[in-house]
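predicted model and sequence below, questions to follow.
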Amino acid sequence: MRQVMLYPGEDGFWIAECPSLTGCISQGRTKQEAIVNIKEAIAGYIASLEEDGLPIPEEHFEAVVVAL
């Protein structure tokens, strides 16, 4: 299980980012498409680490909402 940040990009696409996997970012025209794409990106990222015999980073991200 991985936490994903989802936010609108400047170009109208939705950005999906997995902070615990450095550089694991995807996008989609809709939120749902971005979620499908980031799931695929996470799976590929982890498969690549496993293939190279590298450790898989643990989930360590914590989200906090701050109201101003």
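Looks like it arrived, so ask away. Numbering: from 1, shown residues only.

going forward, measure contacts and count neighbours with C-alpha atoms only.
Noted.

what residues are up against Gly23?
Gly23 is in contact with Glu17, counting by CA atoms under 8 Å, 6 or more residues apart in numbering.

let me fix that: Gly28
Gly28 is in contact with Phe13, Trp14, Ile15, Ala34, Ile35, Asn37, counting by CA under 8 Å, 6+ apart.

so the fifth one touches Ala16, yeah?
Yes. Applying CA atoms under 8 Å, one finds Ile35 in contact with Ala16, separated by 6.7 Å.

show me how far stretch 55-66 is from its chain's centre.
Relative to its parent chain, stretch 55-66 has a centroid offset of 11 Å by CA atoms, centre = their mean, to the nearest Å.

how long is it from one end to the other?
One end of stretch 55-66 to the other measures 33 Å (CA to CA, to the nearest Å).

outside of that stretch, which residues touch it?
For stretch 55-66, contacts defined as CA under 8 Å, 6+ apart pick out Met1, Arg2, Gln3, Pro19, Ser20, Leu21, Ile46, Leu49, Glu50.
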